[in-house]
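*Asks:* Sequence and computational prediction follow.
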Amino acid sequence: MDSRIEQYESKMMKSLDNLKEEFSTIRAGRANPHLLDKLRVDYYGTPSSLQSVANISVPEPRVIQIQPWESKLIKEIEKAIMASDLGLTPNNDGKVIRLIFPELTEERRKDLVKDVKKRAENAKVAVRNIRRDANDAIKKMNKNSEISEDEVKVLEDSIQKATDKYINDIDKITEDKSKEILTV
């Protein structure tokens, strides 16, 4: 890989990683502890990640169990869950909080797949914008006589190959996530 286009490929990789992270927060009817990754809890006045103040486990396929290390955190954790966009109601017995995931309706599954595809399209647009930026930079280098016409062709070809690779990767993870969501 040419060092002049490595930075652009690295940006494409970040777009793909960001999409994977977004997909991990979309629930498919099964309990996935990663849904809670972005939640912050007020811990002695400091917003802290849920993982740093509680033990999170999945005792059953559709249940996440949160066991705070300090029982007084239960109220704060419940507040954070209610304020989030998870759409789940926490149940607690004074020691642990349980999040029960209802079965998704077919309509809800289709809506989630639409959301997945929309997020994937946004990631593809980001990758294509990175390609455009790279091509602009290549043309500018050529205009400033830093590189030859032949080098322009080689660099444009390699940036196109990288673009195609990341677009294919996005399509693959989108297809996998869609299958996961539609599987009852």
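*Replies:* Received, thanks.
*Asks:* Would you state the helices of the chain in chain order?
*Replies:* 3-24, 73-83, 106-143, 149-182 (DSSP state H).
*Asks:* So what's the gap between the last one and the chain middle?
*Replies:* Chain-centre distance of helix 149-182: 17 Å, with CA atoms, centre = their mean, to the nearest Å.
*Asks:* sorry, back to before: worst average pLDDT in the helices of the chain?
*Replies:* In terms of average pLDDT, helix 73-83 trails the rest of these, at a mean of 85.
*Asks:* Which strands and helices lie in contact with that one?
*Replies:* Helices and strands touching helix 73-83, by 3 or more CB pairs under 8 Å, 6 or more residues apart in numbering; DSSP states H and E, are strand 40-43, strand 63-68, strand 90-92, strand 97-100. For the C-beta atoms, the positions are set from N, CA and C on the backbone; glycine is no exception.
*Asks:* out of the ones you listed, deepest packed?
*Replies:* strand 63-68 (a mean of 20; mean count of other CB atoms under 10 Å).
*Asks:* what's that strand in contact with?
*Replies:* 31-33, 35-36, 50, 53-59, 74, 77, 90, 95-101 (CB atoms under 8 Å, 6 or more residues apart in numbering).
*Asks:* Around Arg109, how many other residues sit close by?
*Replies:* 18 (other CB atoms under 10 Å).
*Asks:* wait, doesn't it sit right on Ser178?
*Replies:* No: contact criterion CB atoms under 8 Å: Arg109 and Ser178 do not qualify, at 9.4 Å.
*Asks:* Could you measure from Ile100 over to Trp69?
*Replies:* 22 Å (CB to CB, to the nearest Å).
*Asks:* same thing with Ser145?
*Replies:* In terms of CB to CB, Ser145 sits 63 Å off from Trp69.
*Asks:* do Ala120 as well
*Replies:* The value you get for Ala120 to Trp69, if CB to CB is used, is 38 Å.
*Asks:* ok, those two, which is more surrounded?
*Replies:* In this view Ala120 and Trp69 are compared by other CB under 10 Å, and Ala120 has more residues nearby, 21 against 10.
*Asks:* Would you mind confirming that Arg128 makes contact with Thr163?
*Replies:* Yes: because the distance of 6.8 Å satisfies CB under 8 Å, Arg128 is recorded as touching Thr163.
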